[in-house]
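Q: build me a model from this:
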Amino acid sequence: MGANGGRNSSQKHISEEKAQIMLNFEFYSPTRLVFGKGTADQVGDHIAPLAKKVLLHYGSERVVQSGLIGRIENSLANAGVACVKLGGVIANPDIELVLKGVALARQEEVDLVLCVGGGSVIDSGKAIALGLKNPDLDLWSVYENNLETRGAYPVACVLTFPAAGSEASNSTVISNYKTNKKCGYNREWNRPVLSIIDPTLFETIPKFQIAAGVADMMSHIFERYFSNTEHTELSDALSEATLRTLLTFGPKVVEDPTDYDSWCQVALCGTIAHNNMLGVGRVQDWACHKLGHELAARFGVTHGAGLAILTPIWMRYVWRDNPKRFLDFAHRIMQEEEQPNARAATIEAAVSSLETFYSRIGLPHRLSKYGVVASAIPEMARLATHAPDGSDRPLGGLKKIYEADAIAILEKAL
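A: Have a look, this model is predicted:
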């Protein structure tokens with residue numbers, strides 16, 4: 001049948017309805033989660049069946065000065081696992097350190113990359129694992145051009161900062177500071193084989209970073225929840241419950257970073273938010289994340305903090321494309337009562353409540369607080385909405401965001 005095919009309007013309507021029903025999907029989660037107090041000191045026993053020698057990868061000297069790296073080295077040694085260390089990972093990890101890590105790990109003939117840190121360290125470790133498995137490929141080109149790879153070396157984690165969800169996700173994001181670009185790469189073999197989550201390790205995280213982490217977790221759920229795909233009731237309900245949990249316990253860990261019970265709730269939310277359990281069977285969005293990557297690459301905006309600004313602006317920009325979904329958000333998540341014959345007012349009240357929540361945990365409302373300038377917006381919007389060859393690559397799933405839309409959202413966020 002041809003492009004028009006002689007279908008009548010009724011047949012076309014049925015076809016479009018079917019396209020909205022839950023999509024076919026595969027869900028793969030090989031990550032063994034070891035959760036709870038004292039589990040970091042068990043890492044050697046868990047690694048020993050997986051590797052004889054590891055690259056111990058970490059970020060700031062905080063994990064050295066706290067004694068955590070020493071504890072992990074002792075645990076590995078007691079289990080008969082050798083290690084070579086590479087520190088220095090920064091927020092928005094750099095491809096240059098990744099390439100150094102690939103060379104070191106290859107020279108030392110390691111079997112596994114063991115990451116001790118948060119999302120940036122784990123992303124860097126995943127990139128090293130990709131480079132080890134694919135020595136014939138230019139690793140930055142893999143990220144920038146989404147090249148096919150042939151798997152990755154195994155990665156394990158001791159999580160020191162729950163936010164990015166990298167401890168169980170299939171994603172890794174790397175920056176190239178020579179070109180001011182930040183690119184993600186999603187493949188199932190990026191998922192760690194083991195992640196240890198000990199909430200006692202989170203007690204010294206600065207409050208601003210905790211708040212940004214909570215916003216990042218929430219954004220991971222929003223990017224999946226705000227979808228035009230219908231009949232996804234179970235994942236909708238799970239998403240809503242996870243978001244309500246973050247709204248309840250997020251402020252508690254910001255107020256008191258030593259609150260172990262609240263950290264347990266928040267940390268588990270962070271893992272569930274990004275292992276894709278909440279995103280199966282639906283078209284996802286990710287427009288805010290892509291715009292956030294431009295802000296991080298050019299201005300160093302903390303990822304979660306940027307998302308806390310962009311998300312409410314994006315909501316106001318797109319809600320008319322699917323008001324039912326945004327009313328669900330208003331009623332089920334933000335607990336807003338519906339205002340009679342005032343759909344727009346109900347949604348606006350919910351978005352304003354979300355902004356108030358972000359303010360309450362210490363996150364600014366506008367990008368100007370982070371040094372973002374109006375003159376940079378057109379270039380960021382162009383890069384976000386175009387492929388490397390210059391062709392259009394609009395963002396989003398709920399509403400396609402083209403260059404002009406991206407400019408409008410960023411200007412409102414400024």
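
Q: which one's the longest helix in the chain?
A: Using DSSP state H, we find that the single longest helix of the chain is helix 233-255.

Q: that helix - contacts with which helices or strands?
A: Contacts defined by 3 or more CB pairs under 8 Å, 6 or more residues apart in numbering; DSSP states H and E place helix 233-255 against helix 207-225, helix 260-274, helix 343-360. C-beta coordinates here come from the backbone N, C-alpha and C atoms, glycine included.

Q: need the winner for burial among those.
A: Among the helices and strands packed on helix 233-255, helix 207-225 has the highest mean neighbour count (mean count of other CB atoms under 10 Å), at a mean of 24.

Q: and it, how far out from the chain middle?
A: 8 Å (CA atoms, centre = their mean, to the nearest Å).

Q: so for it, mean pLDDT?
A: Averaging pLDDT along helix 207-225 gives 97.

Q: the inter-axis angle of it versus helix 343-360?
A: Counting by axes from the mean of the first three to the mean of the last three CA atoms, to 10 degrees, helix 207-225 lies at 150 degrees to helix 343-360.

Q: CA atoms only for helix 207-225, dumped as CSV, please.
A: Extracted in CSV, the C-alpha atoms of helix 207-225 (Å, rounded to 0.1, in the frame of the first residue of the first chain):
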residue,chain,number,x,y,z
LYS,A,207,24.2,20.6,51.2
PHE,A,208,24.1,22.3,47.8
GLN,A,209,25.4,19.1,46.1
ILE,A,210,22.7,17.1,47.9
ALA,A,211,20.0,19.5,46.7
ALA,A,212,21.3,19.3,43.2
GLY,A,213,21.4,15.5,43.4
VAL,A,214,17.8,15.3,44.5
ALA,A,215,16.8,17.5,41.5
ASP,A,216,18.8,15.3,39.2
MET,A,217,17.0,12.2,40.5
MET,A,218,13.6,13.9,40.0
SER,A,219,14.6,14.9,36.5
HIS,A,220,15.5,11.4,35.5
ILE,A,221,11.9,10.4,36.4
PHE,A,222,10.3,13.5,34.7
GLU,A,223,12.2,12.7,31.5
ARG,A,224,10.4,9.3,31.4
TYR,A,225,7.0,10.3,33.0
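
Q: that one to helix 233-255, inter-axis angle?
A: 170 degrees.

Q: closest to L114 out of the helices and strands packed on helix 233-255?
A: Closest to L114 of these, according to CB to CB: helix 260-274, at 18.1 Å.

Q: please name every helix or strand in contact with that closest one.
A: The contact analysis (3+ CB pairs under 8 Å, 6+ apart) places helix 260-274 against strand 32-35, strand 194-197, helix 207-225, helix 233-255.

Q: got the contact list for the closest residue to M315 other than its chain neighbours?
A: Computed as CB to CB, 6 or more residues apart in numbering, the closest residue to M315 that is not its neighbour in sequence is V351, at 5.0 Å. Going by CB atoms under 8 Å, 6 or more residues apart in numbering, V351 touches P312, M315, R316, W319.

Q: and V351, how far from G306?
A: 17 Å (CB to CB, to the nearest Å).

Q: on that earlier part again, hmm, who's touching the longest helix of the chain?
A: Outside helix 233-255, the residues within contact range by CB under 8 Å, 6+ apart are 202, 207, 210-211, 214, 217-218, 221-222, 224-225, 259, 262-263, 265-266, 269, 272-273, 277-282, 328, 332-333, 357, 360-362.

Q: that helix versus helix 260-274: what angle between them?
A: In terms of direction (the same axes, to 10 degrees), helix 233-255 departs from helix 260-274 by 140 degrees.

Q: show me what counts as buried in stretch 283-300.
A: By 16 or more other CB atoms under 10 Å, the buried positions in stretch 283-300 come out as 284-299.

Q: ditto for stretch 366-379
A: Those buried within stretch 366-379 under the rule 16+ other CB under 10 Å are L367, Y370, V372, A376, I377.

Q: ok, residues contacting that stretch?
A: 295, 298-302, 305-306, 309, 364, 407, 410-411, 413-414.

Q: now for these, which pair is the farthest apart?
A: Spatial extent of the contacts of stretch 366-379 (CB to CB) is set by the pair T302 and I407 at 22.5 Å.

Q: the two - which one has more neighbours?
A: Each of T302 and I407 has its neighbours counted (other CB atoms under 10 Å); T302 has more, 22 against 18.

Q: quick one, what contacts T200?
A: K37, G38, Y260 are the contacts of T200 under CB under 8 Å, 6+ apart.

Q: switch to 10 Å and redo it
A: T200 sits next to G36, K37, G38, T39, A40, T258, Y260, W263 when contact means CB atoms under 10 Å, 6 or more residues apart in numbering.

Q: now V34
A: By CB under 10 Å, 6+ apart, the neighbours of V34 are A40, Q42, V43, D45, H46, V158, L194, S195, I196, I197, D198.

Q: stretch 20-28: end-to-end distance?
A: End-to-end distance of stretch 20-28 (CA to CA, to the nearest Å): 23 Å.

Q: which residues touch it?
A: Residues outside stretch 20-28 that contact it (CB under 10 Å, 6+ apart) are 170, 188-189, 191, 227-235, 275-277, 279-283.

Q: which ChimeraX command selects the buried ones in these?
A: Applying 16+ other CB under 10 Å to these, the buried members can be selected in ChimeraX as follows:
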select :170,189,191,227,228,229,230,232,235,275,276,277,279,280,281,282
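
Q: mind listing which of the contacts of stretch 20-28 are in helices?
A: Mapping the contacts of stretch 20-28 onto helices (DSSP H) picks out E233, L234, S235.

Q: tell me the one of those nearest P394?
A: S235 (24.6 Å).

Q: which non-adjacent residue is nearest the most centrally placed residue in the chain?
A: In the chain, the centroid-proximal residue (CA atoms, centre = their mean) is A164; its distance is 4.5 Å. Closest residue in space to A164, ignoring its immediate chain neighbours: G119 at 2.4 Å, by CB to CB, 6+ apart.
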